[in-house]
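sharing a model prediction with you, sequence too.
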Amino acid sequence: MGRLYVTKVTAPEDYQLSCGLFNDTACLRIQLAGDWRAVTATGPEHFGKAALFFGPQSRRMPVSVTGSFTSLGLILRPGACLTLQGLHVREFVDRLVVTDAVKSPSAKILSNIDPDGSPEDWLQALENMVRRRIDQIDARHPDPVTSRFEELAFSNPNITVAQAARDCGVERRKLERMINRDFGMSPKQVLRRARALDMASHLRGVADRNEGDEIALRYYDESHLIHEFTELFGMSPRQFQSTPQPILTLALESRQARRLEALKRLQPGQDRPWA
């Protein structure tokens, strides 16, 4: 598991919030309230109360929600989907499906979540579901090479694929096969996405302030930044910074906390360096 989250927002019944999501991992999302829409690789999706499986995203996914909403979820680290459910995440990149399609009945998942419970109750129920699955199949840990590459993407997304392979102790071709299997895309794409997500976090004010210059210097020049960022986010860095994006900002903040914890620069529960 990566991280657990709960988001609960009260809004007028007819208020529509248009935003986006951009996650570097697959995740389980349980929508308890709200009228949700998303534009995915397979077309528009529309759903209310549901348990959904989101594959990792190669670019920003437009989403909107009307009215008050409650969402909780579980981030699945690279390799976890294969270990827990035998899923190949490359088949789900930029997609979402009801969990029935990935061998986890939505109704059963929802039955474990008491709508009147507290956020702590919901998160405990989610964690218990995963623990039961791990015990049921005696699940093994994701491959150490996958975990090491995830750490490299967090610490130095400008690393070359050849150097990453050396650091992981495998040949380049083997690394490419493993990363395609567990991340759903090539190592180069994973690193490029990590660089853009760190920049997006910096622009939204949810990255370590001491890293600002380093994050910016990962791009050769401003034109490189604008081109790459616009391709992945659908807008320029300036537009991104000036456009309110509460749902995406929460997702970016969660990723940065997970990143700093993975790099041993932040302890769980410790004040974040942007708070």
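Cool, got the structure.

quick one, domains of the protein?
Recorded structural domains for the chain (assignment: automatic domain parsing) are 4-137, 144-262.

so which of those comes closest to residue 274?
For residue 274, the closest of the domains of the chain is domain 144-262, at 5.3 Å, according to Cβ to Cβ. (C-beta placed from N, C-alpha, C; glycine too.)

pipe the domains of the chain into a markdown table and attach mean neighbour count per row.
Below are the domains of the chain laid out as a markdown table (neighbours: other Cβ atoms under 10 Å):
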| stretch | mean neighbour count |
| --- | --- |
| domain 4-137 | 17 |
| domain 144-262 | 18 |
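
for residue 271, find the nearest of these.
With distances scored as Cβ to Cβ, the stretch of the domains of the chain nearest to residue 271 is domain 144-262 (10.7 Å).

where among the domains of the chain is average confidence lowest?
Of all the domains of the chain, domain 4-137 carries the lowest average pLDDT, namely a mean of 93.

residue 40 contacts residue 94, correct?
Yes: contact criterion Cβ atoms under 8 Å: residue 40 and residue 94 qualify, at 6.0 Å.

identify the contacts common to the two.
Residues touching both residue 40 and residue 94 (Cβ atoms under 8 Å, 6 or more residues apart in numbering) are residue 61.

now render the domains of the chain as JSON lines, adding distance to residue 275.
Shown next, in JSON lines, are these (distance: least, Cβ to Cβ, whole Å):
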{"stretch": "domain 4-137", "distance to residue 275": "16"}
{"stretch": "domain 144-262", "distance to residue 275": "9"}
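
is it true that residue 89 touches residue 53?
No: between residue 89 and residue 53 there is no contact under Cβ under 8 Å: 9.8 Å.

need the residues touching each of these two.
Listed as contacting both residue 89 and residue 53 by Cβ under 8 Å, 6+ apart are residue 26.

residue 222 and residue 230, how far apart?
Distance, residue 222 to residue 230, using Cβ to Cβ, to the nearest Å: 12 Å.

check contacts around residue 169.
Residue 169 is in contact with residue 145, counting by Cβ under 8 Å, 6+ apart.

ok so residue 62 is a helix residue?
No: Residue 62 sits outside any helix when classified using DSSP: H, G, I helix; E, B strand; the rest coil, being strand.

beta partners of it?
Assessed by DSSP bridges, residue 62 has beta-bridge partners residue 20.

that one contacts residue 41, correct?
No: applying Cβ under 8 Å, one finds residue 62 not in contact with residue 41, separated by 12.0 Å.

once you drop chain neighbours, what's closest to residue 101?
residue 53 (7.1 Å; Cβ to Cβ, 6 or more residues apart in numbering).

what's the helix or strand containing the one you found packed up against?
Per DSSP states H and E: residue 53 is located in strand 50-54. Strand 50-54 sits against strand 26-40, strand 96-98, helix 106-111, with contacts defined as 3 or more Cβ pairs under 8 Å, 6 or more residues apart in numbering; DSSP states H and E.

between those, which one is nearest to residue 238?
Ranking these by distance to residue 238, with Cβ to Cβ as the measure, places strand 26-40 first at 23.1 Å.

now the longest helix anywhere in the chain against strand 26-40, angle please.
Using DSSP state H, we find that the single longest helix of the chain is helix 119-137. Put simply, helix 119-137 runs at 110 degrees to strand 26-40, going by axes from the mean of the first three to the mean of the last three Cα atoms, to 10 degrees.
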